Every structure is written in structure tokens, then in C-alpha cells.
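Student: give me coordinates for this.
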Amino acid sequence: MMPFPFDEIVTQSFENHLTWTFEELLGYLETWPATQHYILKNNNNCLELIYDMLKAFWQRMIKK
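Tutor: The predicted structure is shown next:
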């Protein structure tokens, strides 16, 4: 864990609930540094490797 040189401030809990389209989810995942690192290192988008699995899971979750 990276040291944080300040006193922790106790706050109330926080939750954020969003409603995204599948395309918005993919766009968000593409902003992750790990995704960008993979793309730069391998010259392709790792999300394409799991696209079908993500899409199938997304569609199952939408039906609930």
C-alpha cells in the first residue's frame, strides 16, 4: 500500500449506482490504465478477447 502522509478523515459511506449501456461500459473499461498498458504493449485491445463473454453476461443481467 502506498503511504498517505495525511490524517484520514472519517466520512459517511457512499454508493454510486449508474445505468450504462454496454457500449458505455466498454468505453469505461478502455479508460483503465491496465487496459491501456495492454493495448500499448500488445498492439491490440484486450477487451476484444473477452467481448463475447462480457456481452453475454451483460444481456443476462439486463433480463433480471
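Student: which residue is nearest the middle of this protein?
Tutor: Taking CA atoms, centre = their mean as the criterion, L29 is the residue nearest the geometric centre of the chain, at 4.0 Å.
Student: go through the chain and flag its longest helix.
Tutor: In the chain, with assignment by DSSP state H, the single longest helix is helix 47-63.
Student: list the buried ones in that one?
Tutor: Within helix 47-63, the residues that qualify as buried by neighbour count (16 or more other CB atoms under 10 Å) are L47. (Each C-beta comes from the backbone N, C-alpha and C, glycine too.)
Student: what packs against that helix?
Tutor: Contact analysis of helix 47-63 by 3 or more CB pairs under 8 Å, 6 or more residues apart in numbering; DSSP states H and E lists helix 22-30 as its packing neighbours.
Student: tell me how far the residue nearest to the centre of the chain lies from I62.
Tutor: Spatial separation of L29 from I62 under the definition CB to CB, to the nearest Å is 17 Å.
Student: ok, L18 next?
Tutor: Counting by CB to CB - L18 and I62 are separated by 14 Å.
Student: same deal with N45?
Tutor: Applying CB to CB, the value for N45 to I62 is 23 Å.
Student: so where is this protein shaky, pLDDT-wise?
Tutor: For the chain, the stretches with pLDDT under 70 are 1.
Student: just the element for M2, please.
Tutor: Under the criterion of DSSP states H and E, M2 resides outside all helices and strands.
Student: how much space between it and V10?
Tutor: For M2, the distance to V10 under the criterion CB to CB works out to 20 Å.
Student: picking up where we left off before, just checking, the residue nearest to the centre of the chain touches Y38?
Tutor: No - counting by CB atoms under 8 Å, L29 sits too far from Y38 to count as a contact (11.0 Å).
Student: look at stretch 14-25 and report the distance between its end residues.
Tutor: Using CA to CA, to the nearest Å, one end of stretch 14-25 lies 21 Å from the other.
Student: ok, now stretch 33-49?
Tutor: Terminal residues of stretch 33-49 lie 17 Å apart, using CA to CA.
Student: what sits up against that stretch?
Tutor: L26, L29, E30, L54 (CB atoms under 8 Å, 6 or more residues apart in numbering).
Student: many thanks, I have nothing further to ask.
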